[in-house]
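Asker: my questions are about this predicted structure, shown below with the sequence.
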Amino acid sequence: MSKFAIISPTHIKGKKEEAWKNFRDGGYIAFGAICTTDLSTKTEEEIRDIVWSIPRYRKGEAKRRLNEYLGFMSLEPGDYVAVNNTNDGLFGVGRITSNYYFKERYHDTGSTDPNDFYCHFYNVEWIITQYKKRKDIIFPDEKSWAPYGIIKVYNKTPTYIKRILDNN
């Protein structure tokens with residue numbers, strides 16, 4: 001069974017469209033500006049230790065961030081991903097075509113911090129690249145994606161995503 005992920009192209013306000021263009025044009029999704037360790041050979045316990053050792057995450061958000069890292073690392077070829085613009089809409093929908101890989105200092109988050117790059121990746125075949133407004137794809141009785149957070153992974157593809165893929 002394939003998984004489905006909603007991911008934000010950046011955590012920097014006002015930079016999402018530019019970061020989405022990098023995702024789209026580069027054929028990838030990226031995550032993890034703070035953790036600059038290659039996780040490809042790490043166990044879940046080792047990933048936990050790495051994430052929990054990051055000083056910025058010690059202020060009550062370490063558990064949530066760990067779940068985001070583990071969710072991201074659980075993705076595999078054939079899973080679907082949508083790139084959100086908070087709660088306003090979706091920039092695009094695609095299918096993951098590679099295993100996880102690490103590439104240091106590649107995806108610029110748009111931050112003014114010169115060291116703020118995402119370095120955890122999957123290649124993606126983009127199926128939908130035209131912006132879809134939330135109000136145009138979510139029916140009133142459907143639950144939408146969470147507007148905030150970097151990534152959320154689900155065990156099944158939501159109905160609204162199936163519908164827009166079928167109409168593509």
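Answerer: Noted; the coordinates are in hand.
Asker: quick one: secondary structure of Leu165?
Answerer: When classified by DSSP: H, G, I helix; E, B strand; the rest coil, Leu165 comes out as helix.
Asker: so what's it up against?
Answerer: Neighbouring residues of Leu165 by Cβ atoms under 8 Å, 6 or more residues apart in numbering: 80, 93, 127-128. Any C-beta I mention is one placed from the backbone N, CA and C, and that applies to glycine too.
Asker: hmm, try it at 6 Å
Answerer: Listed by Cβ atoms under 6 Å, 6 or more residues apart in numbering, Leu165 has no contact partners.
Asker: any idea how far it is from Thr157?
Answerer: Counting by Cβ to Cβ, to the nearest Å, the separation of Leu165 from Thr157 is 8 Å.
Asker: and Ile7, by the same measure?
Answerer: Taking Cβ to Cβ, one finds Ile7 at 14 Å from Thr157.
Asker: ok, and the closest non-adjacent residue to His11?
Answerer: Among residues not flanking His11 along the chain, Ile150 sits closest, at 6.1 Å (Cβ to Cβ, 6 or more residues apart in numbering).
Asker: burial measure for the one you found, as a count.
Answerer: 20 (other Cβ atoms under 10 Å).
Asker: do you know how far it is from Ile6?
Answerer: Noted for Ile150: a distance of 10 Å to Ile6, by Cβ to Cβ.
Asker: check Ser144 too.
Answerer: 9 Å.
Asker: looking at the two now, which is surrounded by more residues?
Answerer: Shown here are Ser144 and Ile6; by other Cβ under 10 Å, Ile6 has more neighbours (23 against 14).
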